[in-house]
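A.B. asks: for reference, the sequence and a predicted model appear below.
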Amino acid sequence: MNSKWDRLADATQPQSVAGSLSIVTLGHVHADDLTALSPHFRKLEQLVLDISPLDPLAKHRAELNRAIDAASSDWVLVVREREIVDDALAAEIAEAADAARARGFRIRSVPYYCGKPLRIGSEEGEVRLFHRRYYMRYANKGAWQQLTIQGTVVRLTNILRSMSFDRVESHREQLARTAVPHSNLRHVLLFLRYAAGAGTLDRNTLRYLWIESGFDQG
C-alpha cells in the first residue's frame, strides 16, 4: 500500500496536517481509484464508512460526523464505491484546497457504461469536497438532504467517474441473477419511466435503461 495512506485507526491526530487530505469512502473503494491524488498531497488518509454507497449521506449523518471528527486534515473529500478520481479531477481538487476560494465544492458523479458516460443524474452534483471547520453538522436540526456548508459553495469543472458495467453481457448476467420477474408490459412501463426521468436521446443511455428495465434478457 502507498506509504502516504493512513487508515481510520491512525486518523486520531488532534491537529490538521498541512498538505494533507482526508478521504471519506462509502462502501469498498480501492486505493488504486484514488492514487491520482498522491502527487498533489503530502499525506492522504482514508476513512472507511461501511454503509451502502448508494444511500444519501443524510441517511447516515451520525456515521459521517464521526468520520469527520476522526479526520486529521482540514479538507475532506467524499468518494463512493465505483467512483474514480482521475488526474484532471485530482489536480483541480488540489488547486481548490490550496486556493480556498470557497469552503465547499460540488462534484458531479457521472456513471460510465460500456466505456461511455450515461446521460442521467444531476448536473448540479453534490457537496463532496469541503473544509471541515465549516461543515454544519447540526444544521436544520438533523434533517438535511445533503451536506451543509457554512459559506460559499461552488462546483468543480471535472467529474468523478462512476464505473458501471464494461460490457452489456455483464449487465444482463447480473439482472438474470437479481431481477424480480415482471410481465413484458411492466418492463416496458419501467423503461418509459426511466427514459422520461433521464430526458435524453443518447443511444448508450437508452440501451442501458432498456436492459435495466429487465425487458431485454437475451
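C.D. replies: Perfect, I can see it now.
A.B. asks: please make it C-alpha for all contacts and neighbour counts, starting now.
C.D. replies: Fine.
A.B. asks: by mean pLDDT, flag the weakest helix or strand of this structure.
C.D. replies: In the chain, no helix or strand scores lower on mean pLDDT, DSSP states H and E than strand 5-6, which sits at a mean of 47.
A.B. asks: against which helices or strands is the longest helix along the chain packed?
C.D. replies: Once the chain is assigned using DSSP state H, the helix that runs over the most residues is helix 184-198. Applying 3 or more CA pairs under 8 Å, 6 or more residues apart in numbering; DSSP states H and E, one finds that helix 184-198 contacts helix 203-212.
A.B. asks: so how far is the helix it packs on off the chain centroid?
C.D. replies: 22 Å (CA atoms, centre = their mean, to the nearest Å).
A.B. asks: for the helix or strand hosting Val24, buried residues please.
C.D. replies: Here Val24, judged by DSSP states H and E, is contained in strand 20-26. Neighbour-count burial for strand 20-26, counted by 16 or more other CA atoms under 10 Å, picks out Ser20, Leu21, Ser22, Ile23, Val24, Thr25, Leu26.
A.B. asks: next: stretch 92-99.
C.D. replies: So for stretch 92-99, counting by 16+ other CA under 10 Å, buried means Glu92, Ile93, Ala94, Ala96, Ala97.
A.B. asks: show me the protein divided up by domain.
C.D. replies: 5-163, 168-212 (automatic domain parsing).
A.B. asks: quick one: contacts for Glu123?
C.D. replies: Contacts for Glu123 (CA atoms under 8 Å, 6 or more residues apart in numbering) come out as Arg108.
A.B. asks: Val153 versus that one, what's the distance?
C.D. replies: From Glu123 across to Val153, the span is 15 Å (CA to CA, to the nearest Å).
A.B. asks: could you do Leu64 as well?
C.D. replies: Applying CA to CA to Leu64 and Val153 gives a distance of 19 Å.
A.B. asks: how about Leu89?
C.D. replies: For Leu89 relative to Val153 (CA to CA), the value is 17 Å.
A.B. asks: those two: which has the busier surroundings?
C.D. replies: Leu89 (20 against 17; other CA atoms under 10 Å).
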